[in-house]
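Student: need the 3D shape of this:
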Amino acid sequence: MAASLRSALESDVFRPKRERLLYVLQLVPCKENEDRCLCVSVTRGNSVRIICVHMIQEKTVNLYKIEHKWLLKDLTLIDGKDGTQDNRWLDLHFEKVYNWEACTTASKYAFVRRLRKLKKSYYQEDIELLNFDTDYVEDAGFLQVPEDIVLALKLCLQAMNCVCLLSCL
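Tutor: From the prediction side, this is the model:
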């Protein structure tokens, strides 16, 4: 579904405005037949924007409504709510604080990594993070391995350590 959602958003919302869609974070649905997502796009003037798109499914037609737009350079802080627990909540701090619930914790962390990378490359500054597990928001390093693979490897190693410790008892 994520690939089809991205493709539909790109063709129906972003391409007509001559914007390039970089990332889509699906949010937990509020109502049946209604979805929301946070999209990251680049405009023709190289401004990076975060856009909240409300999607309504009516019979065979998808309707898209842009609810909020922000510039990435105006994002001052991302609060992950609790870095010690598996949670999907995050607050984006602009002129106001906006609270969102991602579909998965992994997608939340992938979104935060992408925002950090874009802010560093376009604006040469980092985003302040609060209440995140730093192991999962750090760059992959010099190996240029995608962050999700590094995250999966870390989790596998932790699981193997637990199994080894339990077998020694």
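
Student: and the residue nearest to residue 115 when sequence neighbours are not counted, how many neighbours?
Tutor: Leaving out its chain neighbours, the residue that sits closest to residue 115 by CB to CB, 6 or more residues apart in numbering is residue 127, at 6.1 Å. C-betas here are computed from N, CA, C, even on glycine. Applying other CB atoms under 10 Å, we find 19 residues neighbouring residue 127.

Student: go on, residue 8?
Tutor: A count of neighbours around residue 8, defined by other CB under 10 Å, yields 13.

Student: who are the contact partners of it?
Tutor: For residue 8, the contacting residues are residue 62, taking CB atoms under 8 Å, 6 or more residues apart in numbering as the criterion.

Student: now it: which helix or strand?
Tutor: Counting by DSSP states H and E, the secondary-structure element that holds residue 8 is helix 2-9.

Student: now the element after that helix, going C-ward?
Tutor: Immediately after helix 2-9, counting by DSSP H and E, sits strand 20-26.

Student: what does that next one rub up against?
Tutor: Under the contact criterion CB under 8 Å, 6+ apart, strand 20-26 has outside partners 2, 5-6, 9-10, 13-14, 35, 37-42, 48, 100, 102-103, 107-108, 110-111, 114, 118.

Student: filter those down to the buried ones, ChimeraX style.
Tutor: In ChimeraX, the members of the contacts of strand 20-26 classed as buried (16 or more other CB atoms under 10 Å) are selected with the following command:
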select :5,6,9,10,13,14,35,37,38,39,40,41,42,48,100,102,103,107,108,110,111,118
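
Student: what mean pLDDT does stretch 17-28 have?
Tutor: Mean pLDDT, stretch 17-28: 93.

Student: distance between it and the chain's centre?
Tutor: Distance of stretch 17-28 from its chain centroid, counting by CA atoms, centre = their mean, to the nearest Å, is 10 Å.

Student: ok, stretch 86-105 next?
Tutor: Computed by CA atoms, centre = their mean, the separation of stretch 86-105 from the middle of its chain amounts to 9 Å.

Student: how about stretch 103-120?
Tutor: Taking CA atoms, centre = their mean, one finds stretch 103-120 lying 4 Å from the centre of the chain it belongs to.
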